[in-house]
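Visitor: coordinates for the following, if possible.
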Amino acid sequence: GVGTSAIGATLAELSPVWLHRQEHFFDDLRDYSCAGAPVFGPQGECLGMLDITGIDVPERPELLLLALRCARAIEDRLLRALPHTLLLRVNWPGGPLGQEGEGLMVFDAEGRLLGSNTVARQLVPRPLQAPGGDSLIQSHELLALPWSHLIEHARQRPEAPLQLPLWSGLRLLALAQACPLLRAPVMPGSGAAACRGTSANAMTTPLRTIELLLIQQAMQEAHGNVSVAARNVGLSRATLYRRLASK
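Guide: Residues are numbered from 1 along each chain as shown. Now for the predicted structure:
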């Protein structure tokens with residue numbers, strides 16, 4: 001585009017952008033101070049951007065960090081909503097696990113990578129793939145550890161960190177956690193069956209279904225407290241009730 005704005009610059013550069021007043025191209029935009037951060041999908045594709053805009057406000061470049069953290073939280077929610085068998089939390093040794101700032105990777109029952117967040121894509125580089133090949137990467141192409149070992153660890157010691165070797169020779173710290181519903185009997189159409197979902201249904205999950213999964217996860221994390229769950233997902237209590245009633 002011909003103009004400079006946080007929205008256009010973020011989508012063009014695919015990186016966080018802070019623009020304050022006179023840094024905007026058009027005079028009509030020079031009352032604005034804007035922070036923008038891209039939002040990436042589970043496969044690393046740009047889904048859009050998150051914008052925080054103030055009018056006639058002091059320069060607050062720290063809002064760029066707020067926009068970035070919110071964008072990353074959205075990415076993590078979308079990733080965790082994918083039907084999966086294994087959630088792998090990864091970080092450098094000494095880094096946080098089970099909290100903000102960790103890498104997340106989700107796999108199906110065959111050990112195929114369904115998606116990862118931005119941090120995980122930086123920690124665990126994906127191998128080059130031949131054009132026209134299978135778009136899903138096997139766990140053994142990324143990690144120097146058998147898939148069976150990860151599954152066994154996830155089922156027996158989900159809260160115990162493990163050393164995760166990479167083919168580069170580096171090691172990460174990881175938590176391997178199986179989908180909670182995998183312990184329940186698998187019935188046709190049940191949540192456990194959905195949690196075991198293959199790559200096909202994971203990549204074609206309707207937006208409505210993803211929204212319900214996010215709401216259900218928020219309710220679980222809030223221990224059934226509707227007010228807390230609604231606040232965490234950015235909905236009113238009435239809207240959250242309607243979404244749950246329509247499932």
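Visitor: which residues of the protein fall in helices?
Guide: Under the criterion DSSP state H, helices of the chain are mapped to 6-13, 63-80, 118-123, 139-142, 147-156, 191-195, 199-203, 207-221, 226-233, 237-245.
Visitor: and the last one, what does it pack onto?
Guide: To tie it back to what came earlier, the one meant is helix 237-245. helix 207-221, helix 226-233 (3 or more CB pairs under 8 Å, 6 or more residues apart in numbering; DSSP states H and E). In short, each C-beta sits where N, CA and C put it, glycine included.
Visitor: which residues touch that helix?
Guide: Taking contacts as CB atoms under 8 Å, 6 or more residues apart in numbering, the residues outside helix 237-245 that touch it are 211-212, 215, 219, 226-227, 229-230, 233, 235.
Visitor: and the nearest residue in space to residue 59 that is not next to it in sequence, how far from residue 215?
Guide: Distance criterion CB to CB, 6 or more residues apart in numbering; nearest residue to residue 59, sequence neighbours excluded, is residue 20 at 4.8 Å. In this view, residue 20 and residue 215 are 36 Å apart by CB to CB, to the nearest Å.
Visitor: more crowded one of those two?
Guide: Neighbour comparison, residue 20 and residue 215: the larger count goes to residue 215, with 21 against 18 (by other CB atoms under 10 Å).
Visitor: show me the contacts for that one.
Guide: By CB under 8 Å, 6+ apart, the neighbours of residue 215 are 229, 233, 235, 240, 243-244.
Visitor: low-scoring stretches of the chain, by residue?
Guide: For the chain, applying pLDDT under 70 flags the ranges 1-3, 21-31, 57, 128-135, 180-211, 233-234, 246-247.
Visitor: good, we can wrap up now.
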